[in-house]
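J.: Got a predicted structure plus its sequence, pasted below:
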Amino acid sequence: HTHTYIHTLLSPSPASLKQVFSLNRQQEEGAAKTTSCAQFISYARQAETVQEYDKAATFFQEAVVHYPRSTAGWYEYGCFLLRVGDTAKAEECFREVVAVNPQHAAGLCMTALLAWHAERTAEAESMLEAATTFDADNALWWAVRGLFYDQVCRVMWCSLSLFLS
């Protein structure tokens, strides 16, 4: 394999260069297939930590491309997109989380928060109700639901939600 690579480098023909690039691409594809979703997420977080946002985005995209049924990949990518200010794409990611697992309470809550932010209150309310139904012991979801009801002036529901949190 290395001999072919060296021979190809010494040969100036365009076909030889094509072979080098295709070998490199095959190696990259092979490496991507052996990288777990958790590893892609870890690489993305590391890149984000050193403010390499383009690289972080690429790792998150690799995670969801190679593992499209991973709620963790979609959820983490959505959170990253919120941190960099891309709320529209973040909402798409959280919707993917809910599409993969309709009982994913964190995905439901994040989708609800973005719907609420966009003033789609009926949608936000149903998502928050679902989140507190599927994860009834989570005080955070109940508190968010209570704050939602406070903002839409539903005092009784606000009191009940905050009491349950």
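T.: Nice, I can see it. Keep in mind that this is a model prediction, so the values were computed, not measured.
J.: drop to CA atoms for contacts and neighbour counts, all remaining ones
T.: Fine.
J.: Just the buried residues of stretch 125-135, please?
T.: E125, M127, L128, E129, A130, A131, T132, F134 (16 or more other C-alpha atoms under 10 Å).
J.: Which strand or helix spans P68?
T.: Assigned by DSSP states H and E, P68 falls within no helix or strand.
J.: packing partners for the helix or strand harbouring C109?
T.: Using DSSP H and E, C109 maps to helix 105-117. Packing partners of helix 105-117 (3 or more C-alpha pairs under 8 Å, 6 or more residues apart in numbering; DSSP states H and E): helix 87-100, helix 121-134.
J.: now those helices in JSON lines, with distance to K55?
T.: Shown next, in JSON lines, are the helices and strands packed on helix 105-117 (distance: least, C-alpha to C-alpha, whole Å):
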{"stretch": "helix 87-100", "distance to K55": "17"}
{"stretch": "helix 121-134", "distance to K55": "32"}
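J.: Quick one: those as TSV, columns for mean pLDDT and distance to L147 too.
T.: What follows is the helices and strands packed on helix 105-117, written out as TSV (pLDDT from 0 to 100; distance: least, C-alpha to C-alpha, whole Å):
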stretch	mean pLDDT	distance to L147
helix 87-100	97	20
helix 121-134	93	11
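J.: Nearest to W142, out of the ones you listed?
T.: With distances scored as C-alpha to C-alpha, the stretch of the helices and strands packed on helix 105-117 nearest to W142 is helix 121-134 (6.3 Å).
J.: could you say what helices and strands whichever helix or strand comes after the closest one packs with?
T.: Remark: after helix 121-134, the chain's next helix or strand is helix 139-151, criterion DSSP H and E. In terms of contacts (3+ C-alpha pairs under 8 Å, 6+ apart), helix 139-151 is packed against helix 121-134, helix 155-164.
J.: Now do the shortest one, average pLDDT.
T.: Averaged across helix 155-164, the pLDDT comes to 58.
J.: mind listing what's buried in stretch 62-80?
T.: In stretch 62-80, counting by 16+ other C-alpha under 10 Å, buried: 62-64, 66-68, 70-80.
J.: what's next to it, contact-wise?
T.: Residues from elsewhere that reach stretch 62-80 (C-alpha atoms under 8 Å, 6 or more residues apart in numbering): 32-33, 36-38, 40-41, 57, 60-61, 89-94, 96-97, 100-101, 107.
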